[in-house]
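> Turn this into a structure:
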Amino acid sequence: PGISHKYEVEWSGPYLALDMLYDINQNNAVNAFVEFGLPSYTATGDQPYRFDWQHPTSVEDKSGLGGAFHLGLGANWSTAITDSIALSIGLTYDYYTVSDADAKTYLSEEYYMGIYNERLNNIYGGDEQAMLQKDGVAQNIMAIKEECPGWVCTTNGEIESFYKSMGIRVGVNAKF
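The predicted structure is shown next:
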């Protein structure tokens, strides 16, 4: 029940935008915008159904300034209802992409070492040397522990991601 996972993304950095406004007549106007950006990208996620990952932070992805690209487009038409209130209807489109972002996965030490210790005590009677020579599961756990210091697996230049959205905007504009 509720949220199955959480993934928060932040795009921040330089953007260049151009806004245009055209007054059709005293009651109607059209405005549009286009924007380009080369932001940095940071994402943090929690995957609660992954028992082998830590919580509340399971993954982190990052790219530096200019590691992502953003294109935003929009257009609105507005018509006056009164001298100070107007109805606005429009369309927006956003596209973000990131390439070669770095990734970290936070593994659950309790999960992996729980399996390791259970096998050590219940199958091998505490003889760790014998277990590590014969047991593929234990060998894999030790390989993961070695490849991921502090139970954090780091990969550089791995993440390719995009986000796009299109929306219809309906609103009321008021002048004060």
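
> For the lengthiest helix in the chain, buried residues please.
Looking across the chain with DSSP state H, the single longest helix is helix 109-122. Residues of helix 109-122 classed as buried by neighbour count (16 or more other C-beta atoms under 10 Å): 111-112, 116, 120. C-betas here are computed from N, CA, C, even on glycine.

> gap between it and the chain center?
Remark: helix 109-122 is offset 32 Å from the chain centroid, using C-alpha atoms, centre = their mean, to the nearest Å.

> Can you name every helix or strand that that helix contacts?
On a contact count with 3 or more C-beta pairs under 8 Å, 6 or more residues apart in numbering; DSSP states H and E, helix 109-122 meets helix 128-134, helix 136-147.

> quick one, it and helix 136-147 angle?
Angle, helix 109-122 to helix 136-147, by axes from the mean of the first three to the mean of the last three C-alpha atoms, to 10 degrees: 140 degrees.

> So for helix 109-122, mean pLDDT?
The average pLDDT for helix 109-122 rounds to 96.

> who touches that helix?
Here helix 109-122 makes contact (C-beta atoms under 8 Å, 6 or more residues apart in numbering) with 51-52, 126-128, 131, 135, 137-138, 141-142, 144-145, 151.

> Return the set of buried residues in the host helix or strand of residue 171.
Using DSSP states H and E, residue 171 maps to strand 152-174. Buried residues in strand 152-174, counted by 16+ other C-beta under 10 Å: 153, 159.

> partner strands of that strand, parallel or antiparallel?
If you go by DSSP bridges, strand 152-174 pairs up with strand 85-106 (antiparallel).

> quick revisit: where is pLDDT lowest across the contacts of helix 109-122?
Of all of the contacts of helix 109-122, residue 51 carries the lowest confidence score, 92.

> what separates the residue of the chain positioned farthest from its centre from residue 113, distance-wise?
Going by C-alpha atoms, centre = their mean, the residue of the chain most distant from its centre is residue 125, 44.7 Å out. Separation of residue 125 from residue 113 (C-beta to C-beta, to the nearest Å): 18 Å.
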